[in-house]
Each structure stands twice: as C-alpha cells, then as structure tokens.
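Participant: Give me a model of this one.
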Amino acid sequence: MRPLDLGRRTRHLQATARLRPGFMSHTSGAPCLRSDVSCKNPPQSMAATPETIWQIPAYLPYLQPALTEVAIAEAEAEIGYKLPADYLNLLRTQNGGYIRHSLPERVHDTIAGIGPNFPSLTGFDWDECQEHVGFPLDGLVPFDGDGHWHLCLDYRRRKNAPTVTYVDIEGDHESPVAVSFADYLAKLQIETGENYVLEGVLEIEKVTAGLSAALGIAFELPDTYAHGYPIYRAALGTKNNPEWVWLSPNQVPRGFVRADDPRYSELKDLLPGVAARFPEVPPDACILRATDAVRVKVLNACVRSQMTIRPLREYVRGS
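Facilitator: Numbering: from 1, shown residues only. Just a heads-up that it's a prediction; the model follows:
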C-alpha cells in the first residue's frame, strides 16, 4: 500500500489559510465577577439561510462566478447526481466561500461553489484515497475538507436525496452528520466565542484610547491583512506571560482579497461597499475579545468607562 499523499489540496489550503476571529482557544478559565458578563459562551443555534450563512467579509479568491443554470447542469453531469435544492439556493446567493457557521465538534468553515476556482464542488476524484480506507468513496461528493478529512454529500444509498457524511481518510473512518442537506443546515451553529459587543461606537479609536487610559496599555497599529478589516490588539500581563485584548468593527468591507494575491487586480472591486459581520448587531458597534486571565479586568474597565457592553451570544441567540 502506498503512503497516503494528500499534498496538493493540503498545500493549497496552507497557502491560502487565514486566521478567523472567534476561534482562538483559551484555557486559563478565569471566573467571571459580574453576573451580566458570563464567561460561559456555548455556540448559538440559529437557522442558516442563504442570506445569513456566508461570512462577511467574503474572501474573494474563494468565490466562483455567479451561478447559472448551465453551470448547474454541467456540474451535475460531471458528478453524476442531482444537487440538493437547498445547496443550490445557497450558491445562488453566493457561489461558495467561507461560512460564519460551524458544526458541533467538527472542523468545518467552507461550502464549495460551482466553477473554475478553488475550492470547487467539481474536479474532484478519490483515486489516491480509496486504497487507504475500508469503505467505498464512490458516491461521496465533498463540499469541504483539507485532503485528510472531507464533509460530503453522500449519494451511496439514496441517489436522488443525499445524506451528509464526514469521512476521515487518515483515520479510515466515516460518520453520519445529517439525513439531508436541509437537516445539515439545521444543525449549524454560530461560534460566538468569548466575544462581546460595544454599542454606539462611531470611532473605534476612541474606544482604544479609553481602554488604553483605563488599563495602562497601548494598542498596536491595526492589522487588516488576516481578515480584510482592522483588528486592534494590545498586550496586558507580562513579557513572559502576555495576555491580550482585541477590538474590531462590526461594519466591514463586503469582500476582501490580499494585495499579494495573484488575482488581486481582478478581484479587488468585485464586492464594493460595506456590510455587518454580525447582522444581528448594530452596525455602529465593535467586537471585543480578551484572553481568559484578563477578561474580567477588561470588561469591568468598559463598565467603569460607561460603555454599553453585552455578550455577542445575547444578540445571536434565537435570531
């Protein structure tokens, strides 16, 4: 048996990888001191619709051209199956890209579109993978994955109504996720993380100035490279054991591409204008996050400064 070589797709993902807000792991577990700013913040269940599922700003290199009936017919002919109506409804709103939802206990952040760009629902085969697993891969159509694992439309048992299945190629394991694509959409959650909302922020620099004065910290120049919008970061704690606080706006560009991307000139004006990262949150707000050991200190500094602050989950819950 040949050693498992999943290099091409994995290298592409590593080359295009970007940090995503709200996914940093904290482990110190500092208790909260205020009942209205609880540290317990589980993912929030909410309906994933074509209008709400896509992450803002859209990462433009991952978008396909606008979906057409011709493109759908060609894709279905290539994969050999009819695509679920709910899947196509998503792609008619945005033809692929990062989503702002996730699956419980799964690494999943993308839904592939139909078209010539990476990642695409078409142009995939299992030739290099089948010998490494003890279950059939024919009939699985991946719409997310990194080469080592895949989230798939599963047509193996029902040719006209696929289920959704997770396959782990390295671990030789498969597990059911949902009985239909609609059921998959219903299982999605929004990771609110330890994020908080500061309302009524007309100038984020005034917030950074206020927190700098209250906490004796200095914010670095904002970084826009990772996400396409400015993220302000300041260090607390000690040099050997730093803690962090981050601030970022809710209203951001609708789409972004990095200036060093080979397709920058082609894509930079594809989605002009601004939109809210969290449409459930007022646009004139900013999002605050801090590491565990200093979170209570930062939140209470906001309260003392008479800032209106609430956990992000309170906005997202039940939306």
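Participant: Go through the protein and flag its longest strand.
Facilitator: Longest strand of the chain, by residue count under DSSP state E: strand 242-249.
Participant: Can you give the distance of stretch 273-283 from its chain's centre?
Facilitator: Offset of stretch 273-283 from its chain centre (Cα atoms, centre = their mean, to the nearest Å): 15 Å.
Participant: For residue 230, list the residues it contacts.
Facilitator: Residue 230 sits next to 204, 222-224, 248-249 when contact means Cβ atoms under 8 Å, 6 or more residues apart in numbering. Where C-beta positions appear, they are placed from N, C-alpha and C, glycine not excepted.
Participant: What are the contacting residues of the following helix or strand past the longest strand of the chain?
Facilitator: Remark: after strand 242-249, the chain's next helix or strand is strand 251-253, criterion DSSP states H and E. Strand 251-253 is contacted from outside by 56-57, 227-229, 271, 273-277, 283-284, using Cβ under 8 Å, 6+ apart.
Participant: Same question for stretch 136-145.
Facilitator: 9, 79, 81, 87, 108-112, 119, 121, 124, 126, 129-130, 150-156, 162, 165, 167.
Participant: For it, the averaged confidence score.
Facilitator: For stretch 136-145, mean pLDDT rounds to 97.
Participant: Kindly report the same for stretch 191-209.
Facilitator: The average pLDDT within stretch 191-209 is 94.
Participant: Report pLDDT for residue 315.
Facilitator: Residue 315 is assigned a predicted lDDT (pLDDT) of 94.
Participant: To clarify, my last question referred to residue 240.
Facilitator: In this model, residue 240 is scored at 88, pLDDT.
Participant: Tell me how many other residues crowd it.
Facilitator: Number of residues near residue 240 (other Cβ atoms under 10 Å) recorded here: 5.
Participant: change the start of the numbering to 5 and stick with it
Facilitator: New numbering, starting at 5: the last item is residue 244.
Participant: which SSE is it in?
Facilitator: Counting by DSSP H and E, residue 244 is found in no helix or strand.
Participant: Return the backbone torsion pair for it.
Facilitator: phi -80, psi -20 (degrees, to the nearest 10).
Participant: Contact partners for it?
Facilitator: Residue 244 neighbours (Cβ under 8 Å, 6+ apart): none.
Participant: Name the residues of stretch 186-198 that come out as buried.
Facilitator: Residues of stretch 186-198 classed as buried: 188-189, 191-198 (neighbour count, 16 or more other Cβ atoms under 10 Å).
Participant: how about a markdown table for those, with distance to residue 179 and secondary structure added?
Facilitator: A markdown table is the format used below for these (distance: Cβ to Cβ, whole Å; DSSP: H, G, I helix; E, B strand; the rest coil):
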| residue | distance to residue 179 | secondary structure |
| --- | --- | --- |
| 188 | 13 | helix |
| 189 | 18 | helix |
| 191 | 13 | helix |
| 192 | 17 | coil |
| 193 | 18 | strand |
| 194 | 23 | strand |
| 195 | 21 | coil |
| 196 | 26 | coil |
| 197 | 25 | coil |
| 198 | 29 | coil |
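Participant: can those residues go into TSV with extra columns for distance to residue 52?
Facilitator: As requested, the buried residues of stretch 186-198 are exported to TSV (distance: Cβ to Cβ, whole Å):
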residue	distance to residue 52
188	9
189	5
191	9
192	4
193	9
194	9
195	13
196	15
197	18
198	22
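Participant: ok, back up a step: would you list the buried entries among the contacts of strand 255-257?
Facilitator: 60-61, 231-233, 275, 279-281.
Participant: Kindly reformat the residues you listed as CSV containing pLDDT, distance to residue 217 and secondary structure.
Facilitator: Output for the buried ones among the contacts of strand 255-257, formatted as CSV (pLDDT from 0 to 100; distance: Cβ to Cβ, whole Å; DSSP: H, G, I helix; E, B strand; the rest coil):
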residue, pLDDT, distance to residue 217, secondary structure
60, 97, 31, coil
61, 98, 31, coil
231, 95, 27, coil
232, 97, 29, coil
233, 97, 24, coil
275, 97, 37, coil
279, 97, 32, strand
280, 96, 28, strand
281, 96, 27, coil
